[in-house]
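Participant: Return atomic coordinates for the entry below.
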Amino acid sequence: VQLVESGGGSVQPGGSLRLSCAASGFTFSVYVMSWFRQAPGKEREFVASIGWDGISTYYADSVKGRFTISRDSAKSTVYLQMSSLNTEDTAAYYCNRNQYLGTPTTTPGPYWGQGTQVTVSS
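Facilitator: The predicted structure is shown next:
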């Protein structure tokens with residue numbers, strides 16, 4: 001199992017970024033996929049999750065209405081579109097593989113990417 005995140009960077013408050021997570025080594029289309037993040041000095045926290053069907057989603061309250069998770073099974077990639085970013089969104093963002101044929105969940109699975117840094121600063 002390999003998960004490779006990309007798309008992080010520096011952005012001003014109010015800006016947008018799209019993160020990508022390219023998956024390989026497993027049948028992507030049948031697994032729930034999620035994003036987590038970890039800010040300096042804080043524990044890793046759940047951000048968003050998407051069902052294997054690409055239809056069901058679940059978001060942390062802190063990002064609901066600003067972030068959108070999606071997936072492209074043809075490309076074995078999961079995305080996180082982030083808008084209206086604020087300084088509290090500054091963190092390393094991690095892709096995670098969850099359950100087989102499951103529903104969106106806040107519980108992380110055992111496989112993680114290396115992370116991509118998002119910095120929101122004026």
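Participant: For E88, give me phi and psi.
Facilitator: The phi/psi pair for E88 (degrees, to the nearest 10) reads phi -70, psi -10.
Participant: Quick check, V63 in contact with S49.
Facilitator: No: in this structure, V63 is not within contact of S49 by C-beta atoms under 8 Å, at 11.5 Å. Where C-beta positions appear, they are placed from N, C-alpha and C, glycine not excepted.
Participant: So for those two, which sits in the more crowded spot?
Facilitator: Regarding V63 and S49, a neighbour count based on other C-beta atoms under 10 Å identifies S49 as having more, with 27 against 22.
Participant: For the more buried one, give me its contacts.
Facilitator: V32, M33, S34, W35, T57, Y58, I69, N98, P104, T105, T106 (C-beta atoms under 8 Å, 6 or more residues apart in numbering).
Participant: So for it, what's the pLDDT?
Facilitator: You'll see S49 listed with a pLDDT of 98.
Participant: what do you get for the one 5 residues further on?
Facilitator: For G54, the pLDDT comes out at 93.
Participant: For it, pull up the helix or strand it's in.
Facilitator: Using DSSP states H and E, G54 falls within no helix or strand.
Participant: what's the nearest residue to it if we skip its chain neighbours?
Facilitator: R71 (5.1 Å; C-beta to C-beta, 6 or more residues apart in numbering).
Participant: partner residues bridging D72?
Facilitator: Beta bridges link D72 to T77, judged by DSSP bridges.
Participant: distance of it from M82?
Facilitator: Using C-beta to C-beta, to the nearest Å, D72 is found at 17 Å from M82.
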